[in-house]
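Peer 1: here is my input, please return the structure:
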Amino acid sequence: MSLPKGLAEEVSKNLVMVARLIDEDPEQAYAYSRIALRLASRVAAVREAAGFAAYANQKYAEAIAEFRAAKRMTGSVELWPVIADCERGLGRPERALAMAGEPEVQKLDKAGQVEMRLVAAGARRDMDQLDAAIVTLQSPELASSSVQPWTARLRYAYADALLAAGREDEAREWFAKTLEADKDGATDASDRLAELDGVEFVDASADDSDDSDDADVEVEDEFDDEDEDDDDPEVAAAERASDQAEYYDEDDDEYEGDADVDADGDVDVTDEIVVLDEDEDEDDDRRDGGVRDEG
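Peer 2: Numbering: from 1, shown residues only. The predicted structure is shown next:
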């Protein structure tokens with residue numbers, strides 16, 4: 001269906017935003033898809049984009065409706081596997097399995113047939129049929145040594161099914177094969193393989209933060225201990241007595257009380273000024289009765 005130029009441009013902008021956001025912000029992608037849908041609901045590409053946006057937001061019933069509408073408009077069966085997966089999402093794995101046996105599957109290209117196999121295996125697992133799921137995934141595509149766009153996902157699904165069935169050695173082998181094919185890091189095969197090998201990853205930044213927190217606690221405890229000593233009346237009295245004994249030392253000529261007083265009892269301001277060191281300044285502060293700020 002052709003659209004006026006201005007309308008077509010507006011629809012195109014919204015479809016671009018759907019494609020750009022569908023992985024990182026599916027809710028926003030869904031919002032753009034609804035705008036495109038209001039503008040051009042009779043365009044197959046719009047219905048398909050709306051279907052994928054709904055699918056990304058787990059709105060499976062809505063996604064099925066949009067995908068089927070797109071299928072009617074184009075006559076293509078390429079959306080058949082994702083429609084079947086929506087049936088799984090709605091808790092109807094039996095319908096997904098039934099779709100896997102329909103003639104439409106034979107019309108799919110190789111990628112579509114592999115996708116349909118993955119959906120069917122998932123439906124088997126939904127029904128707790130692990131052995132059947134494993135058999136479903138065993139195919140020429142799985143055994144092939146060539147790497148195709150679907151290879152990593154197919155191997156990963158097989159490894160995961162083997163692990164669920166308790167076949168750890170085989171699962172490890174297939175996770176390793178998945179890693180060989182997964183050049184773009186589309187799966188977490190490396191993490192799964194590490195788990196099977198008993199490797200634990202430690203967040204170094206978290207450890208540094210914990211060490212810093214511990215150090216802060218130790219410093220706070222140290223200052224708390226000092227504050228407790230300062231608040232102890234007996235300790236404070238002992239410190240004052242020690243300061244006074246040091247200040248009024250009879251053997252210290254520098255502190256003779258009448259050395260600088262004349263006969264009239266006045267202080268001779270012409271006497272030499274004594275420069276006190278820092279320790280003596282601190283003693284003066286204590287003598288004057290002031291509390292020194294420790295901070």
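Peer 1: point out where this structure drops to low pLDDT.
Peer 2: Applying pLDDT under 70 to the chain flags residues 1, 200-295.
Peer 1: just the strands in it please.
Peer 2: For the chain, applying DSSP state E gives no strands.
Peer 1: wait, Ala29 touches Ala54, no?
Peer 2: No. Taking contacts as C-beta atoms under 8 Å, Ala29 lies outside contact range of Ala54: 9.9 Å. Quick note: C-beta positions are derived from backbone N, CA and C, even for glycine.
Peer 1: burial measure for Ala63, as a count.
Peer 2: By other C-beta atoms under 10 Å, the residues close to Ala63 number 25.
Peer 1: quick one: it from Gly6, how far?
Peer 2: Going from Ala63 to Gly6 by C-beta to C-beta, to the nearest Å gives 29 Å.
Peer 1: then Arg34?
Peer 2: Where Gly6 is concerned, Arg34 sits at a distance of 20 Å (C-beta to C-beta).
Peer 1: tell me the contacts of the residue nearest to Tyr158 when sequence neighbours are not counted?
Peer 2: In space, Tyr158 comes closest to Leu137 once its chain neighbours are excluded; the distance is 4.5 Å by C-beta to C-beta, 6 or more residues apart in numbering. Shown in contact with Leu137 (C-beta atoms under 8 Å, 6 or more residues apart in numbering): Arg117, Leu118, Ala121, Leu154, Ala157, Tyr158, Ala161.
Peer 1: one more time with 6 Å
Peer 2: Contacts here follow C-beta atoms under 6 Å, 6 or more residues apart in numbering; on that basis Leu137 touches Ala121, Ala157, Tyr158.
Peer 1: which stretches of the stretch 51-200 of the chain form helices?
Peer 2: Listed in chain order, the helices found in the stretch 51-200 of the chain under DSSP state H, counting those that start in this stretch are 60-74, 80-89, 93-100, 110-126, 130-137, 140-143, 151-164, 168-181, 189-196.
Peer 1: can I get those in TSV with distance to Arg20?
Peer 2: Converted to TSV, these look like this (distance: least, C-beta to C-beta, whole Å):
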stretch	distance to Arg20
helix 60-74	19
helix 80-89	20
helix 93-100	30
helix 110-126	23
helix 130-137	33
helix 140-143	31
helix 151-164	23
helix 168-181	27
helix 189-196	27
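Peer 1: Ser41: which of the ones you listed is closest?
Peer 2: Closest approach to Ser41 among the helices of the stretch 51-200 of the chain (C-beta to C-beta): helix 60-74, 8.4 Å.
Peer 1: contacts for stretch 146-153?
Peer 2: Ala111, Val114, Thr178, Ala181, Asp182, Ala186, Thr187.
Peer 1: same deal with stretch 161-173?
Peer 2: Residues outside stretch 161-173 that contact it (C-beta under 6 Å, 6+ apart): Leu130, Ala133, Ile134, Ala159, Leu196.
Peer 1: and the gap between the second one and Ala121?
Peer 2: Summarising the geometry, the distance separating Ala133 from Ala121, computed by C-beta to C-beta, is 4 Å.
Peer 1: what do you get for the last one?
Peer 2: Here the distance between Leu196 and Ala121 works out to 21 Å (C-beta to C-beta).
Peer 1: next, give phi and psi for the nearest residue to Glu27 once chain neighbours are set aside.
Peer 2: Spatial nearest neighbour of Glu27, chain neighbours left out: Asn57 (6.3 Å); criterion: C-beta to C-beta, 6+ apart. For Asn57, the backbone dihedrals (degrees, to the nearest 10) come out as phi -100, psi 10.
Peer 1: still on that earlier bit, neighbour-wise, which of Arg34 and Gly6 wins?
Peer 2: Using other C-beta under 10 Å as the criterion, Arg34 and Gly6 rank with Arg34 on top: 14 against 8.
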